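**Student:** Next comes the sequence, and after it the predicted model I'd like to discuss.
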Amino acid sequence: AEIKPTQMIFRPSVNLFGFSPICPAAIRNRLDSHIADLQNSPKSIYYQSMERWFHQKPAGFNLPVWLTLLTAMVGVSLVAGLIITLIRTFQMQRSYQEIFNSVSDAIMIHDATNGQIIDGNQSALQMYGYDNINEISSVAILSAEDAGYTQERALKAIHQAARDGFNQFEWLARHKDGHTFWAEVSLKSANILGKPRILAMAHDIAQRKRHEEQLQKSVDDKNILMQELHHRTRNNMQIICALMNLQAGLTGSQALIQAFGETENRIMAMALVHEKLYAARNVSYIQANDYIKSLVDRLYHSQPSAYKQIQFDIAAESVKLHIDTAIPLGLVINELLGNSLRHAFTEMESGKIAVEFSTMADGRCRLFFRDNGKGVIDPENLVRQNSLGMLLISGICEDQLRGKVEFRNRNGLECSLVFTPVQPQADRDHLPE
């Protein structure tokens, strides 16, 4: 018996499986086409069942309609799972696309090997000024290559993210209309459909950059003002020293001349701090080694004993000192050095003076001063003498430097000062807990 194709008077996708008309027409048409192919294919269960029926029945036998429908359902069930999977996949892709485009930050998907842009969300298109992702052929189009942000540099960042799993940096991007803007880019490696990809999320930080530039300008202006302040302070101190020197010359008293000279040296020690701060880029800190060497040299040449052959051994670490530490430390060195130059070598034509400055493991600082002069009779009671120099040393060490000073005789006078460097409140507030 000849088997003829069965003509169904309904649409299986709608009447049999109940797919809503909301379902895309392409899906419904594909389902109906699969059912038609199954019922008319000699290899289908439906066709083979019909052949067995007609082989046993007389020619002209008409199969009941309900049996025809039942047989068709058997064939349709073979592809039902495939069709449902296709629909679920379509729904998942639509959900993914909705989420992808709802993110406010720009997101692009790159090939982890060559950096090619595969996809991008609506925020990315809006950020760079494009209407379609196909307009963006490479990262170079989105970058300020003339400023050094090249395709090669971007590819290195992508490869680093593929290797390390994550990479974050700032990037100078270029809009479609040609203007540039700063973006913070975060790269994350991912595996999408079995292929290595890089998710690039970019955030426009142009406003933050403007605020940073304004803040930096404010800091630069403040530094200029502070440098000018140090410059004027140093000049004023030099004027004071000059006036005192003139006044000392008019007194005629050797004691007053010596007293004025000692006071000038103290002022000079403070003025030197302002001079170093004026010349430095940092208006609050100076280098300890540079300051101590300059201070010793100036104090030596300001003393009447400068004609003597004094050998200096200065070993100071390159440590940053805040102005609140540098000024009192300079005053202490001034008193110790002035005392040695005036009294230690009165019976000698030459001598040696050593100055050492270092930091300790607990964060404190240590100043060590030694000369090979005649020493003192009672070094332990030296700080209790009523001389102005010793009173200054004692008061500065205890009150300003919060340290402890010790004197002793060992082939000359030795002085050891251990103190905690001053930490300004503004710096303490930024220390990690």
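**Tutor:** All right, it came through fine. Numbering: from 1, shown residues only.

**Student:** What distance do you get for His179 to Ile133?
**Tutor:** Per C-beta to C-beta, to the nearest Å, His179 is found 21 Å from Ile133. For every residue, glycine as well, the C-beta is placed using N, CA and C.

**Student:** quick one, which of those two is more surrounded?
**Tutor:** Neighbours were tallied for His179 and for Ile133 using other C-beta atoms under 10 Å; the higher tally belongs to Ile133 (16 against 11).

**Student:** Check the gap between that one and Leu193 for me.
**Tutor:** From Ile133 across to Leu193, the span is 17 Å (C-beta to C-beta).

**Student:** Could you do Ser143 as well?
**Tutor:** Ser143 is 27 Å from Leu193, by C-beta to C-beta.

**Student:** Look at these two and report which has more neighbours.
**Tutor:** Shown here are Ser143 and Leu193; by other C-beta under 10 Å, Ser143 has more neighbours (21 against 5).

**Student:** residue contacts, that one?
**Tutor:** Contact analysis of Ser143 by C-beta atoms under 8 Å, 6 or more residues apart in numbering lists 149-151, 154, 171-174.

**Student:** Kindly tell me how buried His343 is, as a neighbour count.
**Tutor:** Neighbours of His343 (other C-beta under 10 Å): 15.

**Student:** Looks like it contacts Asp371 (just checking).
**Tutor:** No. Assessed by C-beta atoms under 8 Å, His343 is found out of contact with Asp371, at 9.6 Å.

**Student:** Just give me how far the helix or strand harbouring Leu256 sits from the chain centre.
**Tutor:** Using DSSP states H and E, Leu256 maps to helix 254-279. Helix 254-279 has its C-alpha centroid displaced from the chain centroid by 43 Å (C-alpha atoms, centre = their mean, to the nearest Å).

**Student:** helices or strands up against whatever helix or strand comes next after that helix?
**Tutor:** Moving toward the C-terminus from helix 254-279, the next helix or strand (DSSP H and E) is strand 285-287. If contacts are counted by 3 or more C-beta pairs under 8 Å, 6 or more residues apart in numbering; DSSP states H and E, strand 285-287 sits against helix 254-279, strand 320-322, helix 323-339.

**Student:** For those, give me CSV that also has distance to Glu213 and mean neighbour count.
**Tutor:** Putting the helices and strands packed on strand 285-287 into CSV (distance: least, C-beta to C-beta, whole Å; neighbours: other C-beta atoms under 10 Å) gives the following:
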stretch, distance to Glu213, mean neighbour count
helix 254-279, 26, 18
strand 320-322, 27, 18
helix 323-339, 28, 23
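
**Student:** starting at the chain centroid, how far to the helix ranked longest in the chain?
**Tutor:** Longest helix in the chain by number of residues (criterion: DSSP state H): helix 206-251. Using C-alpha atoms, centre = their mean, the mean C-alpha position of helix 206-251 is found 31 Å from that of the whole chain.

**Student:** what residue lies at the spatial centre of the chain?
**Tutor:** When C-alpha atoms, centre = their mean is applied to the chain, the residue found nearest the centroid is Phe169 (9.4 Å).

**Student:** Dihedrals phi and psi, it?
**Tutor:** Backbone torsions of Phe169, given as degrees, to the nearest 10, read phi -160, psi 170.
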